[in-house]
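Asker: show me the folded form of this:
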Amino acid sequence: MGVEPTSRKTPPPASAPASSSRGDRPSTAAYRAARDQLIALHAGNEPASTAFTFPDVGPVFNWAHDWFDPIARGNPRAGLVIAAGDGTRRACTFEELATRSDQVAQWLRDRGVGAGDPILLMLGNQVALWETMLGAMKLGAVLVPTTTALGPSELADRVERSQARFVVCAPPDTPKFDDVAGGYGRISVGRAPGWWDLEEAYALEAEPIEHPESGAHDPLLLYFTSGTTSRPKLVEHTQISYPVGHLSTMYWLGTRPGDVHCNISSPGWAKHAWSCFFGPWAAEATVLVLDYARFDPDALVTRLREERVTTFCAPPTVWRMLIKSDLSGGPGALRELVSAGEPLNPEVIAQVRRKWGLTIRDGYGQTETTASVGNPPGAAVKPGSMGRPLPGVPVVLVDVTTGAPVDGPGEGELCLDLAAHPVSLMAGYLGDRDDGLAGSYYHSGDVALRDEDGYLTFVGRTDDVFKSSDYKISPFEVESVLIEHPAVAEAAVVPSPDEVRLSVPKAYLALAPGVEPSRDTALDILRFARARLAPYQRVRRIEFFELPKTISGKIRRVELRAREEAHPSRAAEWREEDFPELRT
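Answerer: This next block holds a predicted model:
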């Protein structure tokens with residue numbers, strides 16, 4: 001039921017200094033021991049998934065007090081670096097972040113923020129985002145990270161459903177809330193008429209914040225999903241599900257003490273917390289954030305080298321753009337490359353390996369979980385596979401027809417075994433009776449294929465896979481072939497109604513810059529695909545089209561499927577029967 005509101009091998013750098021009166025808490029020691037065990041498993045390339053269990057941090061746990069402050073107090077190393085597109089940068093030491101988040105916590109407390117209060121946090125990549133997250137956590141408040149891309153109607157929905165008591169945003173975004181009803185406190189990072197100014201916090205004399213004695217299962221984070229198939233759901237995470245659960249993410253990322261980790265993702269989405277907050281700081285690594293108004297792959301590569309980034313995470317869209325840029329200068333200090341968000345196509349991995357001598361390691365997780373499946377550092381990577389279950393995560397495959405677990409090689413829905421009490425799983429969907437936690441398993445909605453070595457390969461969403469002439473079609477497999485064509489930037493494959501076959505694979509294609517959406521282009525792509533796909537997988541129709549996406553950048557295939565069902569028009573598409581040349 002729903003939840004009620006409430007690579008390259010280098011030796012590990014020396015661990016950062018830690019000095020705090022709270023650093024001797026049993027929860028801190030347990031967290032550190034588990035973290036150190038995972039880092040040691042990297043070096044030995046042992047079967048970590050069977051050798052590791054998440055630490056028992058006890059009934060009271062608050063990550064900001066029990067982990068961040070102990071590693072940050074007295075630590076002069078950079079904890080956060082924000083590099084802007086104009087070449088400027090701002091660096092904050094761990095010590096500064098601990099002190100300034102104390103000031104923010106004091107200031108918030110003085111304005112009525114207390115334990116359990118939801119705070120809708122809508123900031124871009126600015127230092128105040130990290131300091132407000134830490135400060136709010138120190139009070140036991142509940143964070144509701146929100147993307148700055150939302151408009152007033154969407155914000156009204158989020159304020160209402162999260163029951164936000166406070167809103168924090170930048171001055172340019174304050175007008176968005178003019179017509180958003182609610183008795184919430186309004187906080188701006190900078191002056192804005194009618195809003196409190198959070199920057200006043202930094203004039204306060206910093207004092208340590210009293211531990212709120214947060215219960216391990218008290219709420220900490222409320223995240224809205226990206227809504228690829230339906231209305232965004234509101235995911236509740238606890239004081240341990242993300243803070244402790246993201247030890248699996250740290251292991252997959254390959255971050256170590258002293259590393260510089262860069263992640264390309266937008267604030268307001270769960271992946272930002274994965275790789276710009278919990279994952280790297282669990283390892284005592286520096287978080288590097290690139291705050292660019294417009295993505296520039298060449299500038300990104302230059303900055304990675306200049307900042308001596310050691311571990312780098314980016315979504316497939318970024319990797320596909322990077323391989324079209326100049327990578328001839330080498331990887332700099334990079335040791336680990338990872339990708340998440342959507343499956344990464346094997347051709348992209350191959351191109352980066354040829355140019356940099358490093359292998360991009362794919363991984364899998366959801367807003368509802370931490371990293372669940374992945375290729376860890378040092379493990380053999382199979383092209384197209386997202387890896388094996390990560391340490392401590394009880395992944396099972398369940399037959400989508402019978403509901404029975406799949407033993408050994410086979411295909412099924414990727415699930416988590418609830419009998420194992422997975423630490424890294426959400427508490428549920430706030431206000432939603434269908435929270436995916438009824439019965440024996442948490443159902444991810446994603447179908448995967450497991451081979452004889454236990455490697456999992458993404459097949460598709462349970463509602464994306466379709467049949468054509470009684471053959472099952474995985475859109476991802478077909479799309480992986482299509483984007484190997486130099487003219488194709490992105491692809492989405494959906495079923496298109498057909499009188500004979502019931503449905504046939506149709507590809508909606510976004511073309512690379514400078515490519516004309518012509519008959520010759522369509523013919524060349526169809527020929528290319530026919531030479532690389534099995535006959536039953538062949539793309540029978542293509543349409544050059546701007547792909548619909550969620551705010552977080554994921555393709556909404558559900559819209560394309562609906563378009564096919566509602567508008568079976570041939571006006572804008574090319575069909576294989578339009579090309580007599582293909583019959584020879």
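
Asker: need the next SSE after the lowest-mean-pLDDT helix or strand in the chain, C-terminal direction.
Answerer: Ranked by mean pLDDT, DSSP states H and E, the helix or strand of the chain with the weakest confidence is helix 48-51, at a mean of 64. Per DSSP states H and E, the first helix or strand lying C-terminal to helix 48-51 is helix 63.

Asker: let me know whether Gly135 touches Ala105 as I believe.
Answerer: Yes: under the criterion of C-beta atoms under 8 Å, Gly135 makes contact with Ala105 at 3.9 Å. Heads up, the C-betas are built off the backbone N, CA and C, glycines and all.

Asker: okay, and the common contacts of the two?
Answerer: Here Gly135 and Ala105 have Ile209 as joint contacts, going by C-beta atoms under 8 Å, 6 or more residues apart in numbering.

Asker: next up, the contacts around the nearest residue to Leu123 once chain neighbours are set aside.
Answerer: Taking C-beta to C-beta, 6 or more residues apart in numbering, and ignoring the residues beside it in sequence, Leu123 has Leu129 as its nearest neighbour in space, at 4.2 Å. Under the criterion of C-beta under 8 Å, 6+ apart, the neighbours of Leu129 are 121, 123, 267.

Asker: so Leu129 versus Asp446, what's the distance?
Answerer: Distance from Leu129 to Asp446, counting by C-beta to C-beta, to the nearest Å: 30 Å.

Asker: one more: Arg501?
Answerer: Arg501 is 26 Å from Asp446, where distance means C-beta to C-beta.

Asker: more neighbours: the two, which one.
Answerer: Using other C-beta atoms under 10 Å, the more surrounded residue of Arg501 and Asp446 is Asp446, with 21 against 17.

Asker: that one and Asp464 touch, don't they?
Answerer: No: taking contacts as C-beta under 8 Å, Asp446 lies outside contact range of Asp464: 9.2 Å.

Asker: please enumerate the shared neighbours of those two.
Answerer: Common neighbours of Asp446 and Asp464 (C-beta under 8 Å, 6+ apart) do not exist.

Asker: shaky segments in the stretch 1-150 of the chain?
Answerer: For the stretch 1-150 of the chain, applying pLDDT under 70 flags the ranges 1-23, 43-50.

Asker: can we see that at 90?
Answerer: Within the stretch 1-150 of the chain, the segments meeting pLDDT under 90 span 1-25, 40-52, 84-88, 149-150.

Asker: where do the helices sit along it?
Answerer: Secondary structure of the stretch 1-150 of the chain by DSSP state H, counting those that start in this stretch: the helices cover 26-44, 48-51, 63, 69-72, 94-110, 127-139.

Asker: what's the third one in contact with?
Answerer: For helix 63, contacts defined as C-beta under 8 Å, 6+ apart pick out 137, 220, 239, 243-244, 278.

Asker: give me the buried subset of these.
Answerer: Neighbour-count burial (16 or more other C-beta atoms under 10 Å) applied to the contacts of helix 63 gives 137, 220, 239, 243-244, 278.

Asker: and which of those is nearest Leu155?
Answerer: Using C-beta to C-beta, Leu220 comes nearest to Leu155 of these, at 21.5 Å.
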